[in-house]
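coordinates for the following, if possible.
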Amino acid sequence: MENTVSFGVIGCGLMGREFASASLRWLHLKGDLPRPRIIAACDTNEENLNWFRKDPDTKFFYRDYRDMLKNPQIEAVYVAVPHFLHARVYGDVIRAGKHLLGEKPFGMDQKAFEEIEKAMAERPDVFVRCTSEFPYYPAVQQMIAWFREGKFGRIIEAKFSIRHSSDMDLSKPINWKRTLAANGAYGCMGDLGIHVQHLPFRLGLMPRTVNAVLANLVKERRDAQTGEMRPCETWDNAILLCEGESPAGDRFPMTFEMKRMAPGCGNTVEYEIYGMELSAGFSTDDPNALRYTVSRGQEQAWARLPVGQKTLYPVITGGIFEFGFSDALLQMFAAYISELKGLPCAFPCFTPREAKKSHELLTAALMANEEGKTVRLSQDAPGR
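Residues are numbered from 1 along each chain as shown. Model prediction:
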């Protein structure tokens with residue numbers, strides 16, 4: 001009999017479908033890691049539910065997630081819903097005794113995260129993690145290995161960014177991400193922040209202070225239903241300049257950049273760490289390689305190291321072939337299943353403790369931008 005974990009999916013849109021697709025690609029992984037089997041789907045949109053009817057594993061369909069949580073066959077739940085629903089839905093999933101993999105920002109704001117924390121305190125037996133797939137690119141994992149081996153030496157500077165151009169089209173109708181009620185005051189920082197925080201937080205590169213420049217570049221957009229113009233209330237772009245600190249005590253400039261209006265970018269994620277002995281950078285514009293410095297005395301040159309399919313969890317694909325976004329998702333879901341089942345996991349998914357640090361940083365960034373000052377953060381590292 002196949003070794004599986006029975007999942008329900010709440011929110012069957014873009015990312016819910018990606019999860020279902022990954023579950024059906026599980027044979028791509030070598031070994032016998034339990035497969036997430038999507039047996040139930042819940043969405044208020046019938047078209048989204050109909051897509052899941054094509055999944056041979058899915059046999060239960062719901063319009064109300066509370067009905068789904070009563071299903072005793074479901075062990076764990078993946079949730080991808082708008083941010084204002086996180087506190088209520090995540091809390092209900094946890095209190096129902098279902099293990100949770102939730103989407104970012106893991107609560108619309110700090111108060112919402114605290115509500116989720118209360119549920120976790122009530123049910124410590126429930127395993128909870130947040131999604132973040134980009135660190136699972138093999139090139140990034142090579143960067144992580146070098147850092148853990150101490151090859152960078154003293155840290156000079158670090159930059160972490162995600163830039164895309166989804167809102168550059170000014171004819172694009174307004175959506176929930178541009179409203180305070182649904183997306184919260186973080187704006188683009190809530191939607192994109194964990195993508196730039198997972199790697200540094202896990203490596204122990206922690207912000208001590210934050211300055212922020214936030215931009216609401218498009219003040220209004222058309223309502224697709226009424227045709228009327230509605231105000232855009234949230235931030236399009238954000239740049240956070242922090243004083244960072246490494247586990248060795250090095251202090252250095254650390255930048256977090258989150259943009260939905262970045263000309264020429266599809267969905268570009270970049271991680272850069274500069275050190276006295278080694279510097280390295282990754283970009284999804286060149287996803288199968290890692291750039292790094294080669295030093296000869298006073299001279300330094302950038303080299304390119306092709307990495308290919310040297311994945312955290314071995315796969316059937318030949319090592320010389322390219323790695324992509326869907327592959328990163330498969331690796332992330334494998335990491336979640338590994339931790340859930342108490343199996344070895346060299347790079348776990350984003351933890352609730354890290355999400356707490358994320359909310360502290362983003363709340364401080366709002367204050368820094370509003371008051372035009374540097375805001376100091378607590379020095380508690382999130383740990384694992």
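
every contact and neighbour count from this point should use C-alpha atoms.
OK.

residue ranges with poor pLDDT in the chain?
Scanning the chain for pLDDT under 70 picks out 1, 381, 383-384.

mind giving me the domain ranges of it?
4-130, 134-321+349-376 (automatic domain parsing).

please enumerate the strands of the stretch 201-350 of the chain.
With DSSP state E, counting those that start in this stretch as the criterion, the stretch 201-350 of the chain has strands at 206-215, 220-222, 229-231, 237-245, 251-259, 267-275, 279-283, 289-296, 299-306.

any chance of the domains of the chain in JSON lines, plus distance to residue 332?
Listed next are these as JSON lines, based on distance: least, C-alpha to C-alpha, whole Å:
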{"stretch": "domain 4-130", "distance to residue 332": "10"}
{"stretch": "domain 134-321+349-376", "distance to residue 332": "6"}
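
need these in a markdown table with distance to residue 333 and mean neighbour count, can you?
Formatted as a markdown table, the domains of the chain follow (distance: least, C-alpha to C-alpha, whole Å; neighbours: other C-alpha atoms under 10 Å):
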| stretch | distance to residue 333 | mean neighbour count |
| --- | --- | --- |
| domain 4-130 | 8 | 19 |
| domain 134-321+349-376 | 8 | 19 |
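
now render the strands of the stretch 201-350 of the chain as TSV, adding distance to residue 135.
Output for the strands of the stretch 201-350 of the chain, formatted as TSV (distance: least, C-alpha to C-alpha, whole Å):
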stretch	distance to residue 135
strand 206-215	17
strand 220-222	34
strand 229-231	35
strand 237-245	19
strand 251-259	15
strand 267-275	9
strand 279-283	10
strand 289-296	13
strand 299-306	16
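
how about these, which one is nearest residue 140?
Minimum separation from residue 140 across the strands of the stretch 201-350 of the chain (C-alpha to C-alpha) falls at strand 279-283, 6.5 Å.

mind listing the strands that closest one pairs with, and their directions?
strand 267-275 (antiparallel), strand 289-296 (antiparallel) (DSSP bridges).

report the distance from that strand to the chain centre.
Offset of strand 279-283 from its chain centre (C-alpha atoms, centre = their mean, to the nearest Å): 19 Å.

got the angle for it vs strand 299-306?
If you take axes from the mean of the first three to the mean of the last three C-alpha atoms, to 10 degrees, strand 279-283 sits at 40 degrees to strand 299-306.

what lies in contact with strand 279-283?
139-140, 143, 152, 268-274, 289-293 (C-alpha atoms under 8 Å, 6 or more residues apart in numbering).

related to what we said a few turns ago, ok, which of the strands paired with strand 279-283 comes nearest residue 193?
Of all the strands paired with strand 279-283, strand 267-275 comes closest under C-alpha to C-alpha, at 11.4 Å.

circling back: wait, which of the domains of the chain is closest to residue 342?
It is, among the domains of the chain and with distance given as C-alpha to C-alpha, domain 4-130, at 10.5 Å.

spatially central residue in the protein, please.
In the chain, the C-alpha nearest the mean C-alpha coordinate belongs to residue 132, at 2.7 Å (C-alpha atoms, centre = their mean).

my guess is that one meets residue 198, correct?
Yes - using C-alpha atoms under 8 Å, residue 132 is in contact with residue 198, at 7.0 Å.

overlap in contacts of those two?
residue 350.

which pair of the contacts of strand 279-283 spans the longest distance?
Maximum distance among the contacts of strand 279-283 (C-alpha to C-alpha): 24.0 Å, for 152 and 268.

can you pull out the strands in the stretch 1-150 of the chain?
Counting by DSSP E, counting those that start in this stretch, the strands of the stretch 1-150 of the chain are 4-10, 35-42, 60-62, 76-79, 99-102, 128-130.

dump these into CSV; add distance to residue 348 as well.
As requested, these are exported to CSV (distance: least, C-alpha to C-alpha, whole Å):
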stretch, distance to residue 348
strand 4-10, 18
strand 35-42, 17
strand 60-62, 30
strand 76-79, 16
strand 99-102, 12
strand 128-130, 9
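
residue 256: which of the ones you listed is closest?
Taking C-alpha to C-alpha, strand 128-130 is the member of the strands of the stretch 1-150 of the chain nearest to residue 256, at 19.2 Å.

show me what that closest one is packed against.
Judged by 3 or more C-alpha pairs under 8 Å, 6 or more residues apart in numbering; DSSP states H and E, the packing partners of strand 128-130 are strand 99-102, helix 352-371.

hmm, 6 Å instead?
Strand 128-130 sits against strand 99-102, with contacts defined as 3 or more C-alpha pairs under 6 Å, 6 or more residues apart in numbering; DSSP states H and E.

how far does the strand it packs on sit from its chain's centre?
On C-alpha atoms, centre = their mean, the centre of strand 99-102 falls 13 Å from that of its chain.

so what touches it?
76, 77, 78, 79, 126, 127, 128, 129, 130 (C-alpha atoms under 6 Å, 6 or more residues apart in numbering).

and what of stretch 254-270?
Counting by C-alpha under 6 Å, 6+ apart, 157-165, 167-168, 236-244, 282-284 sit against stretch 254-270.

please redo it, this time with the cut-off set to 7 Å
157-168, 188-189, 192-193, 196, 236-244, 282-285 (C-alpha atoms under 7 Å, 6 or more residues apart in numbering).

also stretch 60-73?
Contacts of stretch 60-73 (C-alpha under 7 Å, 6+ apart): 6, 10, 39, 40, 41, 42, 43, 44, 93, 96.

for the first one, what are its contacts?
Under the criterion of C-alpha under 7 Å, 6+ apart, the contact list for residue 6 reads 36, 37, 38, 39, 73, 74, 75, 76.
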